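In: I would like the atomic coordinates for the input below:
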Amino acid sequence: MDHANATFLTAADLTLAALAFASGSADIFAFLKFHDVFTSAMTGNTALLGLALGQGHVLAAQRSLAALLGYCSGSVAGTILNDAAARFRRALRLRLLIGAEAAFLAVVLVLWAVARHPVFGPHLYVLIVAGAFAMGMQSIAAKEINLPGINTVVVTNTLTLVMSAVGAALRRSLRHRRPDLSPFTPITLRQSGMLGVYLAGAALS
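Out: Coordinates of the predicted model:
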C-alpha cells in the first residue's frame with residue numbers, strides 16, 4: 001500500500017499522530033518544568049544552548065547540553081535496536097521502538113511524581129536526559145514509518161513543505177483565475193495533520 005497517497009487514514013497515520021502528540025506534550029512539559037529546555041525540538045534546544053553560552057549562563061547551557069546528549073543517545077540506541085531486529089517484520093520493530101520510548105517516558109513520570117518541586121540538581125538532569133532519550137528513540141520510529149516530509153520531532157521541514165504547497169496552489173489559482181487545490185495532495189494533508197496534532201499535544205500538556 002502507498003501510505004503516503006492513501007485517501008483514508010492508515011495505521012501509519014494513527015501511529016504518527018500519537019507520536020506527534022507525545023512529542024508536542026513532552027516539549028512543553030519539559031520547557032515549563034525542566035527550566036526552559038526542550039526534549040524533542042533540538043533546533044530550539046541548540047539555539048538555547050548557544051544563547052546560554054553567549055550570555056555565560058553555565059547552568060542553562062548544561063541543561064540544554066544534557067537534552068542534546070540524551071536525544072543523540074536515544075537516536076543511536078534506537079538505530080541499534082532497529083538494526084538488531086532487522087530480521088523481524090517492521091510492525092514488530094516499531095513496537096520495540098515505541099515500547100522503549102514509552103518505558104523512558106514512564107521513568108520520567110515516576111521520577112517527576114516522587115521529586116521535590118521545583119526540581120534541581122542531579123534529579124533534574126536525569127529527567128532531562130531520560131525525556132530526551134525517549135524522543136530520540138521516537139525519531140527513529142518515525143523514520144522507520146517513513147512517510148515523506150513527516151517527522152514527529154522536527155516540524156520545521158514539515159511546515160516548509162506545507163507552505164510550499166500553499167504557495168503552489170496560490171500561484172496556480174492566480175494564473176488560472178480560479179481555485180486550484182491540486183498541490184494539496186494526500187501527503188500534504190497528512191503533513192498538515194501532523195502539525196495540528198503536535199500543536200494539540202503542546203496546547204494540552
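
In: and the lowest-mean-pLDDT helix or strand in the chain, which residues are buried?
Out: Every helix and strand of the chain was ranked by mean pLDDT, DSSP states H and E. The lowest is helix 155-176, at a mean of 89. Of the residues in helix 155-176, those buried under the neighbour-count criterion (16 or more other Cβ atoms under 10 Å) are 155, 158, 161-162, 165, 169. In short, each C-beta sits where N, CA and C put it, glycine included.

In: Of those residues, which pair is most distant in space?
Out: Greatest spatial distance among these (Cβ to Cβ): 155 and 169, at 20.5 Å.

In: What is the longest helix of this protein by residue count?
Out: In the chain, ranked by residue count with DSSP state H as the criterion, the top helix is helix 58-84.

In: Report how many residues lie close to residue 41.
Out: When neighbours are counted by other Cβ atoms under 10 Å, residue 41 registers 27.

In: Find the nearest non-adjacent residue to it, please.
Out: Ranked by Cβ to Cβ, 6 or more residues apart in numbering and with sequence neighbours excluded, the top spatial neighbour of residue 41 is residue 27, at 5.3 Å.

In: OK, contacts around that neighbour?
Out: Residues near residue 27 by Cβ atoms under 8 Å, 6 or more residues apart in numbering: 38-41, 202, 205.

In: Tell me the gap between the least confident helix or strand of the chain and the middle of its chain.
Out: Mean-position distance between helix 155-176 and its chain equals 23 Å (Cα atoms, centre = their mean, to the nearest Å).

In: and that helix, what other elements does it pack with?
Out: Using 3 or more Cβ pairs under 8 Å, 6 or more residues apart in numbering; DSSP states H and E as the contact test, the elements touching helix 155-176 are helix 186-204.
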